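Q: Dropping the sequence and predicted coords here.
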Amino acid sequence: MRLHMHAADVRHVVTRYFLDLGATPAEAADVQENVRIDRGQCVARCYRVSDMFAMWLIDIGILQFYDADGEMLQTVNLFAEMQPHRAAA
């Protein structure tokens, strides 16, 4: 089995966790997103609201949330979070 994680689905998870961590609805609606490319391959996506940011480490399916000082607030295993989206490889 392989888990298919679509960027739009992960963005919804990010938004939900930002709200849970204290972002306002207006901040969560205006999440800034950047893509990290390494040797021509997308390896991470970063999401930012006013005083928090998150990083999706694509290859390992981990989403990490940080405060403005770089202190980790939460780690989410997307393989477990998005279990219903499993599909045959």
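A: Great, that's in hand.
Q: Report the rounded mean pLDDT for the longest strand seen in the chain.
A: Counting residues, the longest strand found in the chain (DSSP state E) is strand 41-49. Averaged over strand 41-49, pLDDT sits at 94.
Q: which outside residues touch the helix or strand following it?
A: Per DSSP states H and E, strand 41-49 leads on to strand 52-57 as the next helix or strand towards the C-terminus. Applying Cβ atoms under 8 Å, 6 or more residues apart in numbering, the contact partners of strand 52-57 are 10, 14, 17-18, 21-23, 43-48, 62-68, 73, 78. Yep, even glycine has a C-beta here, placed from its N, CA and C like the rest.
Q: Buried only: go through the residues you listed for me.
A: By neighbour count, with 16 or more other Cβ atoms under 10 Å, those hold 10, 14, 17-18, 21, 23, 44-45, 47-48, 63, 65-66, 73, 78 as buried.
Q: on that earlier part again, let's see which of the contacts of strand 52-57 end up in helices.
A: Here DSSP state H is the test, and those give Val10, Val14, Tyr17, Phe18, Leu78 as lying in helices.
Q: Report the two of those separated the most.
A: Phe18 and Leu78 (15.2 Å; Cβ to Cβ).
Q: Any idea what Met72 is bridged to?
A: Here Met72 sits in beta bridges with Tyr66, as judged by DSSP bridges.
Q: Could you double-check that it sits in contact with Tyr66?
A: Yes. Met72 is within contact range of Tyr66, at 5.6 Å (criterion: Cβ atoms under 8 Å).
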